[in-house]
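J.: next come a sequence and a model predicted from it.
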Amino acid sequence: MEPKMEVCERKNNEDRVLQQMYAIMNIVADREEMHKNIGEQRDNWNHLLLGSVNGMIVTAATMAGLAAVARGGTPALALKLSSTLLYMAATGVLVVVNRIQPSQLAEEQRNASRLFKQLHEEIRGSIAVRNLNYGDVKNAMEKVLALDKAYPLPLLGTMLEKFPSVVQPAVWWPEEKPQPEMKLQGTERNAWDKKLEEEMMEVVDVLKRKDTEEYLKLSRRVLKINRILAICGPFFTGIAAVGSALIGSTFSGIATYLGVVFGALAVVVNTLEHGGQVGMVFEMYRSSAGFFKLMEETIESTVEERGVDVRENGELFEVKVALQLGRSLTELRDLAGAGHRETEEEEFASKLF
C-alpha cells in the first residue's frame, strides 16, 4: 500500500510542477508580446517626435526671418511672438525627449522581447526533454523576475538611467548561486577533459580582454556624444527663442541672426541625435557587452562545477559556445590556442558583432 501511495504522491508532485511550468511559460509569452508592442509604440514616438520638433523649429526660424524683414506693425509682432512661442515649446519638448531617449527605450523593449522569446523556448524544451522539479520552477521564476528588473516598462521611477555616470554591461539574468561541492563518481567524464576545460577558460580570457572591454569602450564614447547632443539641442532652441523675442529691438540685427541660425543648428543637432538614434546605439553596445559577460559567467560556472557528471555534456557545450561566437569548432580551438598571446593584432572572440 505504501509504495502505491508514494508513487501517487510523486505523480501528483510532477503534475503540479508541470502545471506551474506551463503557467510560467504562458506568462513569459504574454511578456514577450507586451514588450514587442511597447517597443513598436516607442519606436513610433521617436519618429513622430523627431518630425514634429523639427517642423516646429523650421517654422519658428522661418517666422523669425519674416519678422525681421517685415516693416513693423501687427504682422511683424505676430510673427515674432509665434516664433518665440514655437521655440519655447520645442525647447520644452526636447528636454523631455532627450531625457527619456525614445530610440533607446525601443531598443530595450526589442531586447526584452527577444530574451523573453528565448526563455519561452527554453522552458518549452525543458518540459519536453526531462523530468521537472520545484527547483526548475524556482529557476524559471528567477529568470522572469531578472528580465523584468533589467527591462522595466514604466517611464517614471523605474526607467533605466539613460546617462549613467558609470557604464556597465546590461545584466538580465539572475545572480549565480554557489553550488555545493560534489565528489566525482566513477570514471565518467561526460565528454569533459582537462584540455577542454583549459580551452573554455582561454575563451573566457579573450572575451574579457577583447570583446567585453571593446564594447564597453564604444558604449562610453557613444554616451559622451549623446550627452553633448542632448544638451546642445535645447540650448540652441533656447538661444533662438531669445533671439526671435528681440527682433525689432535695438539689437534687431544680432537677434535675427540668433533666431534663424541657432534654429537651423538645433534642427541639425536634433536630427543627429534622434534621427541617428544615438541612444539606441548606446543600448545596443551595452547589451552586446552584457551578452559577452553572460557567456563569461556561463562558461566559468560550468567549468568550475565540481561534479563533472552533472555538467552539461562537454561536446554539446563546446558546440553551443562556438555557435554563439559565430565560429566553427576548429576556429574556436584555434582561438583558445592563441588566447594566451596578447598582441595588438589579436582577434576578437566573437565574429557576430
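T.: Sure thing, it's come through. Numbering: from 1, shown residues only.

J.: what's the longest helix in the protein?
T.: The single longest helix within the chain, with elements called by DSSP state H, is helix 2-69.

J.: same for the next helix or strand after that one, what does it pack against?
T.: The first helix or strand that comes after helix 2-69 along the chain, using DSSP states H and E, is helix 73-100. Where contact means 3 or more CB pairs under 8 Å, 6 or more residues apart in numbering; DSSP states H and E, helix 73-100 is packed against helix 2-69, helix 213-245, helix 252-270. The C-beta positions use only the backbone N, C-alpha and C, and glycine is treated the same way.

J.: among these, which is nearest residue 306?
T.: Residue 306 lies closest, by CB to CB, to one member of those: helix 2-69, at 26.7 Å.

J.: and the nearest residue to residue 133 once chain neighbours are set aside, what does it touch?
T.: For residue 133, ignoring the flanking residues on the chain, the nearest one in space by CB to CB, 6 or more residues apart in numbering is residue 17 at 6.1 Å. Listed by CB atoms under 8 Å, 6 or more residues apart in numbering, the contact set of residue 17 reads 132-134, 136-137.

J.: run the last query once more with 7 Å
T.: With contacts taken as CB atoms under 7 Å, 6 or more residues apart in numbering, residue 17 has the following neighbours: 132-134, 137.

J.: next, format these as JSON lines and append secondary structure and pLDDT.
T.: Formatted as JSON lines, those follow (DSSP: H, G, I helix; E, B strand; the rest coil; pLDDT from 0 to 100):
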{"residue": "132", "secondary structure": "coil", "pLDDT": "84"}
{"residue": "133", "secondary structure": "coil", "pLDDT": "85"}
{"residue": "134", "secondary structure": "helix", "pLDDT": "87"}
{"residue": "137", "secondary structure": "helix", "pLDDT": "91"}
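
J.: and those residues as a markdown table, adding neighbour count and distance to residue 88?
T.: Below are the contacts of residue 17 laid out as a markdown table (neighbours: other CB atoms under 10 Å; distance: CB to CB, whole Å):
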| residue | neighbour count | distance to residue 88 |
| --- | --- | --- |
| 132 | 17 | 60 |
| 133 | 12 | 62 |
| 134 | 11 | 59 |
| 137 | 19 | 55 |
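
J.: and those residues, which is closest to residue 45?
T.: Nearest member of those to residue 45, counting by CB to CB, is residue 137, at 37.1 Å.

J.: isn't that closest one right up against residue 20?
T.: Yes - between residue 137 and residue 20 there is a contact under CB atoms under 7 Å: 4.8 Å.

J.: what angle sits between the strand or helix carrying residue 109 and helix 2-69?
T.: Using DSSP H and E, residue 109 falls within helix 102-129. Computed by axes from the mean of the first three to the mean of the last three CA atoms, to 10 degrees, the angle separating helix 102-129 from helix 2-69 equals 160 degrees.

J.: quick one, helix 102-129 and helix 213-245 angle?
T.: Using the same axes, to 10 degrees: helix 102-129 against helix 213-245 is 150 degrees.

J.: between helix 73-100 and helix 102-129, find me the angle.
T.: Using the same axes, to 10 degrees: helix 102-129 against helix 73-100 is 30 degrees.

J.: if you count neighbours, what's buried in helix 102-129?
T.: Across helix 102-129, burial judged by 16 or more other CB atoms under 10 Å covers 102-113, 115-117, 119-120, 123, 126-127.

J.: how about stretch 14-33?
T.: Those would be 17, 20-21, 24-25, 28-29, 31-32, for stretch 14-33 by 16+ other CB under 10 Å.

J.: same thing with stretch 137-147?
T.: Within stretch 137-147, the residues scored as buried using 16+ other CB under 10 Å are 137, 140, 143-144, 146-147.

J.: any chance of those residues in CSV, plus distance to residue 90?
T.: Shown next, in CSV, are those (distance: CB to CB, whole Å):
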residue, distance to residue 90
137, 52
140, 47
143, 43
144, 41
146, 39
147, 36
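
J.: take those residues and keep only those in helices.
T.: 137, 140, 143-144, 146-147.

J.: now residue 319. Nearest residue, chain neighbours left out?
T.: That would be residue 329: by CB to CB, 6+ apart, it lies 6.8 Å from residue 319.
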